[in-house]
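Student: Sharing a model prediction with you, sequence too.
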Amino acid sequence: MMNSKQYSVGIVGATGAVGQELIELLYKRQFPLKELRLFASSRSAGKTITWEGKSWTVENSDGQDFKGIDIVFFSAGASISKALAPVAVKGGAVVVDNSSAFRMDPDVPLVIPEINPHAIRQHKGIIANPNCSTAITLMGLYPLHKAFGLKRFFASTYQAVSGTGAAAIRELEDQIHAWADNKPVEHSVYPYQIAFNLIPQVDSFLPSGYTKEEMKMLNEARKIMEIGELKVSTTCVRVPVIRAHSIAVNAEFERPVSVEAARAAIQAFEGADLCDDPENKRYPMPLDYAGKVKCGVGRIRKDEAFDNGLSLFVSGDQLWKGAALNAVQIAEALIRS
């Protein structure tokens with residue numbers, strides 16, 4: 001049970017996609033709000049945001065000291081978090097950061113509440129939210145790790161355009177309309193047309209040939225699950241889907257596996273929804289898990305490439321479990337601790 005105290009809460013990046021979801025989730029989940037203040041850049045300062053009869057005037061995040069605020073959610077990018085999160089901590093707030101700025105900082109806990117809520121107690125003012133694909137993938141993998149002992153895994157992600165932002169959604173929609181009207185298909189957000197296409201690049205390339213996004217899966221999974229020697233290889237792909245990421249996972253375990261035990265582990269895990277009935281064509285899909293709290297896990301089968309291997313498919317809302325929902329769940333766990 002949460003305590004009866006009410007909290008002053010701020011959102012930096014309130015006009016963005018994740019910021020909007022944070023507002024909705026705080027109220028839908030009945031977070032004990034005393035006050036909600038919304039911040040954004042000078043371009044958006046002064047705008048009015050409304051949600052179900054409530055309205056706020058957006059404040060300029062620059063120059064704020066955040067005094068009097070208990071919890072501040074940051075969702076405005078790494079550079080803003082690096083500049084302003086320490087200011088918020090100095091002002092007395094606890095920061096829940098959605099960017100990549102602090103995830104691998106050894107002094108900052110990286111938290112998925114269903115997996116490592118104990119890490120919250122180690123915070124020194126900042127708690128990091130994981131990357132969207134990592135959070136969704138681990139909703140399928142972590143219960144299997146607890147059952148069989150995870151050794152390594154391969155992941156291929158199918159990432160929705162809303163992970164890039166509102167401009168990417170508009171670009172996909174515009175490209176579909178242009179194609180249907182037999183007009184030239186233009187692109188600016190992505191290096192290539194995304195409509196009716198796949199782009200095997202999410203984030204920039206590193207000298208290794210992996211992208212930054214792909215390395216997040218390795219580094220963040222190790223930190224969250226506390227498996228320092230975990231082996232991970234990931235390929236991240238942008239797909240013409242509006243909302244909800246999906247991940248195909250092939251994992252090897254230390255102990256013998258069975259499909260029946262894997263299904264039981266998934267079904268018992270609070271962050272996952274077992275959706276695995278091949279005979280009736282039931283498996284996770286983005287359309288079914290957009291706007292859902294749990295991530296769908298299915299297509300569970302023995303992996304033919306490993307002695308103790310399982311293959312599975314996970315779908316989850318990257319704006320929710322991959323960002324805003326996980327952040328609110330961190331705040332909920334924080335006020336319970």
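Tutor: Received it, and whenever you're ready, just let me know what you need. Numbers count the residues shown, from 1 in each chain.

Student: where along the stretch 51-200 of the chain do the strands fall?
Tutor: 54-57, 59-60, 71-74, 94-97, 126-128, 150-159 (DSSP state E, counting those that start in this stretch).

Student: Can you lay out these as TSV showing mean neighbour count?
Tutor: Any C-beta I mention is one placed from the backbone N, CA and C, and that applies to glycine too. Below are these laid out as TSV (neighbours: other C-beta atoms under 10 Å):
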stretch	mean neighbour count
strand 54-57	11
strand 59-60	16
strand 71-74	28
strand 94-97	26
strand 126-128	26
strand 150-159	21
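
Student: Any chance of TSV for these, columns distance to Glu226 and mean pLDDT?
Tutor: Below are the strands of the stretch 51-200 of the chain laid out as TSV (distance: least, C-beta to C-beta, whole Å; pLDDT from 0 to 100):
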stretch	distance to Glu226	mean pLDDT
strand 54-57	39	94
strand 59-60	38	95
strand 71-74	25	98
strand 94-97	20	98
strand 126-128	15	98
strand 150-159	11	98
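
Student: Output the ones you listed as a markdown table; include the columns distance to Ala14.
Tutor: Listed next are those as a markdown table, based on distance: least, C-beta to C-beta, whole Å:
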| stretch | distance to Ala14 |
| --- | --- |
| strand 54-57 | 8 |
| strand 59-60 | 9 |
| strand 71-74 | 9 |
| strand 94-97 | 14 |
| strand 126-128 | 19 |
| strand 150-159 | 24 |
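
Student: Out of these, which is closest to Phe39?
Tutor: Within the strands of the stretch 51-200 of the chain, the stretch nearest Phe39 is strand 59-60; the backing value is 5.1 Å (C-beta to C-beta).

Student: Please work out which residues outside the closest one touch it.
Tutor: By C-beta atoms under 8 Å, 6 or more residues apart in numbering, the surrounding residues in contact with strand 59-60 are Arg37, Leu38, Phe39, Ala40, Ser41, Ser42, Ala45.

Student: Among the residues you listed, which lie within strands?
Tutor: The members of these that map onto strands under DSSP state E are Arg37, Leu38, Phe39, Ala40.

Student: Where does the record place the domain boundaries for the chain?
Tutor: Following automatic domain parsing, one finds the domains of the chain at 7-129+323-336, 134-318.

Student: how about Pro32, what does it touch?
Tutor: Counted by C-beta under 8 Å, 6+ apart, Pro32 has contacts Met2, Ser4, Lys5, Gln6, Tyr7, Ile335.

Student: Which one of the residues you listed sits in the busiest neighbourhood?
Tutor: Tallying neighbours with other C-beta atoms under 10 Å puts Tyr7 at the head of those, with 20 neighbours.

Student: Not counting its neighbours along the chain, what's nearest that one?
Tutor: Asp70 (4.4 Å; C-beta to C-beta, 6 or more residues apart in numbering).

Student: Next: Pro278.
Tutor: Arg299 (7.4 Å).

Student: what comes up buried for the one helix or strand that neighbour maps to?
Tutor: Element membership for Arg299 (DSSP states H and E) is strand 295-302. By 16 or more other C-beta atoms under 10 Å, the buried positions in strand 295-302 come out as Cys295, Gly296, Val297, Gly298, Arg299, Ile300.

Student: Only C-alpha atoms, please: export it in CSV.
Tutor: Below are the C-alpha coordinates for strand 295-302, written out as CSV (Å, rounded to 0.1, in the frame of the first residue of the first chain):
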residue,chain,number,x,y,z
CYS,A,295,3.8,-7.1,-22.6
GLY,A,296,2.7,-10.0,-24.6
VAL,A,297,4.9,-13.1,-24.7
GLY,A,298,4.3,-16.0,-27.1
ARG,A,299,5.7,-18.2,-29.9
ILE,A,300,7.5,-20.1,-27.1
ARG,A,301,9.4,-23.1,-28.5
LYS,A,302,12.6,-25.1,-28.1
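
Student: Direction included, what does that strand pair up with?
Tutor: Here strand 295-302 has these sheet partners by DSSP bridges: strand 272-274 (parallel), strand 309-316 (antiparallel).

Student: Let me know which of the ones you listed is tucked in deepest.
Tutor: Of all the strands paired with strand 295-302, strand 309-316 has the most neighbours on average by mean count of other C-beta atoms under 10 Å, namely a mean of 25.

Student: ok and the following helix or strand past that one relative to strand 309-316, angle-wise?
Tutor: Remark: after strand 309-316, the chain's next helix or strand is helix 325-336, criterion DSSP H and E. Here helix 325-336 runs at an angle of 90 degrees relative to strand 309-316 (axes from the mean of the first three to the mean of the last three C-alpha atoms, to 10 degrees).

Student: doesn't Arg299 make contact with Leu274?
Tutor: No - taking contacts as C-beta atoms under 8 Å, Leu274 lies outside contact range of Arg299: 11.3 Å.
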